[in-house]
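**Student:** The amino acid sequence is not available; the structure is as follows:
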């Protein structure tokens, strides 16, 4: 795939772009494009792929890159340059390109069957399948969704695609608030774009995977909710979905969803700045952490939300500002209780949830004369507890590279085959039940990243109670500890949320080795704290194989110890 030489010229007066060595006209990056593993002197960690190199999907027509997820700071300043604004809202299509090739020995593998659409947001349903939005022919959003189903060995690499129901008419969001709820339904709210138009919509809808149907959800009441846009959101430890409005610069409106009535209750008093561009991280205490993006010059203030009082209070300051042009990178809780906060300024920070203190994290390097950072972009916690993160130079620039944070240092790892054409904002990540990370470039290719490290056994969920004889199609209760894991899995920020801190139930047949997932629902709570007790219900597929099997609970790609069970045929109703 040909690399894009630029997406956005320096537009922010007084901002230091730290892109020395790069020509400012068109940001021509001679020699900067990195193909595959071409990073001299960088340790190339990962697993060898068996067989031939995996190939990507061939594009037979030009593909338009996704529109940029603009901060209000940038949007306001771009009003002085409407031509550049137009290029970001509707980027020019890339030329047709040949299939990309993942080098042998890479930790990346390209999906054997690429999606027959332009993939966008990804959410892990509680039956182990992945729900993926079709971003439409111009990559600006559509109401169409698809499902990726793993094969009978549990492999997503060899998974198959099937189409799901379409969202309510007129709703086709891009860069929105989204979550999988404890009852297994999926909530999607707002959208910076709707069907490709930059409107910060306040539409919303909820998806029921059992009936394969969407239902419209009215926004919270109040003038500040006439726009939701790319609002931040999270599911609190008590299972309640919390969302912030982001359609107006400076708005602090936030609300809690009653999932039964689909109505909202206001919350979030005392917020120091607006919700725009912020990410929300659930902490082991049940509080929510955010880094302010407009509070100060430069912004360094951080805040925590108390779900008991509904109020925000200061959580101190980051050692250096992580904000550039109103943008920031992802922030993600690790299993050790620290939050890795990634900056758009090249600086990063680490929050100690136990002590409530901040310390500096390692900065991204300068590569080929360009300072790397994450001005919108994905990160995912690997089973080993390390964090995989995607970075690129400046704001919306190419090429992208990938790094792993181990708690102390950042190490550059192998790139995807099309990384030279990507900016960090292009990428979405989702943690799968296998422990692999599903990466969506949103430019015609989806890949899997396999971590070679092992999870600490103390991070695994544990089952304390479950019936050991289970009938096909039957519904049962399971109780245990740490069922939702110790992290939310993956993060991006206000534009996309893909948390996976909820229990999945995996069944492995003893005779065939075939893998099936039950549909879990009714989680009593979804904390990210060690040793917390909770329960869930699960329903076995009607077609599941019978006989001896092992049952596992999986959260964020880490599985419990197996429980021996027997699967019987479905009970025959009395006549």
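**Tutor:** That came through fine. These numbers were taken from a predicted model, which means no experiment stands behind them. Numbering: from 1, shown residues only.

**Student:** what's the helix or strand where residue 505 lies packed up against?
**Tutor:** If you go by DSSP states H and E, residue 505 is part of strand 504-509. Applying 3 or more Cβ pairs under 8 Å, 6 or more residues apart in numbering; DSSP states H and E, we find strand 504-509 packed against strand 515-521, strand 547-555, strand 563-568. C-beta here means a position set from N, CA and C on the backbone, and glycine is covered the same way.

**Student:** what does that strand contact?
**Tutor:** 124, 126-128, 154, 433, 478, 514-518, 520, 536, 538, 540, 544-545, 547-555, 559, 562, 565, 567 (Cβ atoms under 8 Å, 6 or more residues apart in numbering).

**Student:** Swap in 7 Å and give it another go.
**Tutor:** 126, 128, 433, 478, 515-518, 520, 538, 544-545, 547, 549-554, 559, 567 (Cβ atoms under 7 Å, 6 or more residues apart in numbering).

**Student:** Buried ones only from those residues, please, as a ChimeraX command.
**Tutor:** Selection of buried members from the contacts of strand 504-509 for ChimeraX, criterion 16 or more other Cβ atoms under 10 Å:
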select :126,128,433,478,515,516,517,518,520,538,544,545,549,551,552,553,554,559,567
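
**Student:** Mean pLDDT and distance to residue 271 for the helices and strands packed on strand 504-509 - can I get that in a markdown table?
**Tutor:** Listed next are these as a markdown table, based on pLDDT from 0 to 100; distance: least, Cβ to Cβ, whole Å:
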| stretch | mean pLDDT | distance to residue 271 |
| --- | --- | --- |
| strand 515-521 | 98 | 33 |
| strand 547-555 | 98 | 30 |
| strand 563-568 | 98 | 44 |
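
**Student:** is it possible to export these to CSV including distance to residue 134?
**Tutor:** Listed next are the helices and strands packed on strand 504-509 as CSV, based on distance: least, Cβ to Cβ, whole Å:
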stretch, distance to residue 134
strand 515-521, 23
strand 547-555, 27
strand 563-568, 35
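
**Student:** can you pull the buried residues of the helix or strand of the chain with the lowest mean pLDDT?
**Tutor:** Across the helices and strands of the chain, mean confidence by mean pLDDT, DSSP states H and E is lowest for helix 72-78: a mean of 74. Buried residues in helix 72-78, counting neighbours by 16+ other Cβ under 10 Å, are found at 72-75, 77-78.

**Student:** before we move on, what about stretch 81-98?
**Tutor:** Using 16+ other Cβ under 10 Å as the test for burial, stretch 81-98 gives 85, 87-91, 94, 97.

**Student:** what about that stretch, distance to the chain center?
**Tutor:** Remark: stretch 81-98 is offset 24 Å from the chain centroid, using Cα atoms, centre = their mean, to the nearest Å.

**Student:** Equivalent analysis for stretch 323-336, please.
**Tutor:** 12 Å.

**Student:** which residues touch the closest residue to residue 425 other than its chain neighbours?
**Tutor:** Take residue 425 and drop its neighbours on the chain: the residue closest to it by Cβ to Cβ, 6 or more residues apart in numbering is residue 376, 4.0 Å away. Taking Cβ under 7 Å, 6+ apart, we find residue 376 in contact with 69, 327, 424-425, 493, 495.

**Student:** how deep is residue 146 tucked in, by neighbour count?
**Tutor:** Using other Cβ atoms under 10 Å, residue 146 is surrounded by 17 other residues.

**Student:** ranges for the helices of this protein?
**Tutor:** 72-78, 82-89 (DSSP state H).

**Student:** Let me have those helices in a markdown table, extended by distance to residue 259.
**Tutor:** Listed next are the helices of the chain as a markdown table, based on distance: least, Cβ to Cβ, whole Å:
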| stretch | distance to residue 259 |
| --- | --- |
| helix 72-78 | 30 |
| helix 82-89 | 34 |
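
**Student:** Quick check: which of those is nearest to residue 320?
**Tutor:** With Cβ to Cβ as the measure, helix 72-78 is the member of those nearest residue 320 (18.4 Å).

**Student:** where's the residue positioned nearest the centre of the chain relative to residue 441, distance?
**Tutor:** Central residue of the chain (Cα atoms, centre = their mean): residue 498, 3.7 Å from the mean position. To residue 441, residue 498 is 15 Å away according to Cβ to Cβ, to the nearest Å.

**Student:** Repeat that for residue 537.
**Tutor:** For residue 537, the distance to residue 441 - Cβ to Cβ - is 36 Å.

**Student:** Same question for residue 325.
**Tutor:** 23 Å.

**Student:** for residue 547, same thing?
**Tutor:** Where residue 441 is concerned, residue 547 sits at a distance of 41 Å (Cβ to Cβ).

**Student:** Is residue 207 bridged to anything, and to what?
**Tutor:** When bridges are called by DSSP bridges, residue 207 pairs up with residue 186, residue 214.

**Student:** and if you look at residue 428?
**Tutor:** If you apply DSSP bridges, the partners that residue 428 bridges to are residue 440.

**Student:** What count of nearby residues applies to it?
**Tutor:** Neighbour tally, residue 428, other Cβ under 10 Å: 27.

**Student:** How about residue 238?
**Tutor:** 14.

**Student:** on that earlier part again, which stretch among the helices and strands packed on strand 504-509 comes nearest residue 176?
**Tutor:** strand 515-521 (23.2 Å).

**Student:** So which residues make contact with that closest one?
**Tutor:** So strand 515-521 is contacted by 126-128, 152-154, 183-184, 503-508, 536-541, 544 (Cβ under 7 Å, 6+ apart).

**Student:** try 6 Å this time
**Tutor:** For strand 515-521, the external contacting residues (Cβ atoms under 6 Å, 6 or more residues apart in numbering) are 126-128, 154, 183-184, 503-508, 536-541, 544.

**Student:** just stretch 416-430 next, same as before
**Tutor:** 1, 3-4, 33, 69, 100-102, 108, 122, 374, 376-378, 380, 390-392, 396-400, 437-442, 445, 447, 490, 496, 498.

**Student:** how far does it stretch from start to finish?
**Tutor:** Start-to-end span of stretch 416-430 (Cα to Cα, to the nearest Å) is 15 Å.

**Student:** What residues of it count as buried?
**Tutor:** For stretch 416-430, by 16+ other Cβ under 10 Å, it's 416-430.

**Student:** can you check stretch 316-324 too?
**Tutor:** Quick answer for stretch 316-324 (16+ other Cβ under 10 Å): 317-318, 320-324.

**Student:** Now flag whichever of these is closest to residue 352.
**Tutor:** So of those, ranked by how close each gets to residue 352 (Cβ to Cβ), first place is residue 318, at 12.5 Å.

**Student:** Could you pull up phi and psi at the closest residue to residue 239 other than its chain neighbours?
**Tutor:** Of all residues not flanking residue 239 in the chain, residue 182 sits nearest, at 4.1 Å (Cβ to Cβ, 6+ apart). Backbone geometry at residue 182, expressed as degrees, to the nearest 10, gives phi -60, psi -20.

**Student:** what pLDDT does residue 182 get?
**Tutor:** On pLDDT, residue 182 comes in at 98.

**Student:** and it, how many neighbours does it have?
**Tutor:** 25.

**Student:** Wait, it touches residue 523, no?
**Tutor:** Yes. Using Cβ atoms under 6 Å, residue 182 is in contact with residue 523, at 4.0 Å.

**Student:** Same list (the buried residues of stretch 81-98) but as a markdown table, adding pLDDT and distance to residue 241.
**Tutor:** Shown next, in a markdown table, are the buried residues of stretch 81-98 (pLDDT from 0 to 100; distance: Cβ to Cβ, whole Å):
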| residue | pLDDT | distance to residue 241 |
| --- | --- | --- |
| 85 | 78 | 32 |
| 87 | 78 | 35 |
| 88 | 81 | 30 |
| 89 | 82 | 29 |
| 90 | 79 | 32 |
| 91 | 80 | 32 |
| 94 | 70 | 36 |
| 97 | 54 | 39 |
